[in-house]
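Visitor: give me coordinates for this.
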Amino acid sequence: QVQLVESGGGLVQAGGSLRLSCAASGRTFSSYCMGWFRQAPGKEREFVAAISGNSGGMTDYVDSVKGRFTISRDNAKNTVYLQMNSLKPEDTAVYYCAADQAYYRGTQEDKYNYWGQGTQVTVSS
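Guide: Have a look, this model is predicted:
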């Protein structure tokens, strides 16, 4: 089992950057695939980015963040990151980190068995 703790959220102006971190407990972090999801007020939670287990050779992004967001992982630190650049007001949401002990789950939200508590990202115009 793994526990996830997100950090790095906050208030930023449009065009700015934030880096979210998700620290995982446990000694087998590299065997978990990771994902970032977000939920804006009044909307359903949506997929943002995913990375495969092991070296993280596979990644995927929702179209709206491609070219602006980058997901990465540091297995030595048991941490996955989401670098968010050129932020827009529509990126405002609670961002959740998710994990599953599988090579890759991609956009399959219901396949991730472990979730963090979320971190708020607010982008002002």
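Visitor: and the residue positioned nearest the centre of the chain, helix, strand or coil?
Guide: Note on the chain: the residue nearest the mean C-alpha position is W36, at 2.5 Å, using Cα atoms, centre = their mean. Classification of W36 using DSSP: H, G, I helix; E, B strand; the rest coil returns strand.
Visitor: just confirm it contacts D91, I think it does.
Guide: No - applying Cβ atoms under 8 Å as the test, W36 and D91 come out as separate, 11.7 Å apart. Quick note: C-beta positions are derived from backbone N, CA and C, even for glycine.
Visitor: so where's the protein uncertain?
Guide: Within the chain, no stretch has pLDDT under 70.
Visitor: so how far is A50 from S31?
Guide: From S31 across to A50, the span is 15 Å (Cβ to Cβ, to the nearest Å).
Visitor: more crowded one of the two?
Guide: Higher neighbour count among S31 and A50: A50, with 25 against 16, using other Cβ atoms under 10 Å.
Visitor: let's verify the more buried one: helix, strand, or coil?
Guide: Three-state assignment for A50 (three-state DSSP): strand.
Visitor: got a list of what it touches?
Guide: The contact partners of A50, taken as Cβ atoms under 8 Å, 6 or more residues apart in numbering, are 33-36, 58-60, 71, 104-107.
Visitor: nearest spatial neighbour of it, skipping sequence neighbours?
Guide: The shortest distance from A50 to any non-neighbouring residue, by Cβ to Cβ, 6 or more residues apart in numbering, is to G35 (4.2 Å).
Visitor: number of residues surrounding that neighbour?
Guide: Residues contacting G35 under the criterion other Cβ under 10 Å number 28.
Visitor: these two touch, right, it and R105?
Guide: Yes - proximity of G35 to R105 meets the contact threshold set by Cβ under 8 Å, at 6.5 Å.
Visitor: shared neighbours, these two?
Guide: Counting by Cβ under 8 Å, 6+ apart, the residues touching both G35 and R105 are 50, 112.
Visitor: all strands of this protein, in order?
Guide: 4-7, 10-13, 18-24, 33-39, 46-51, 59-61, 69-74, 79-84, 93-100, 114-115, 119-124 (DSSP state E).
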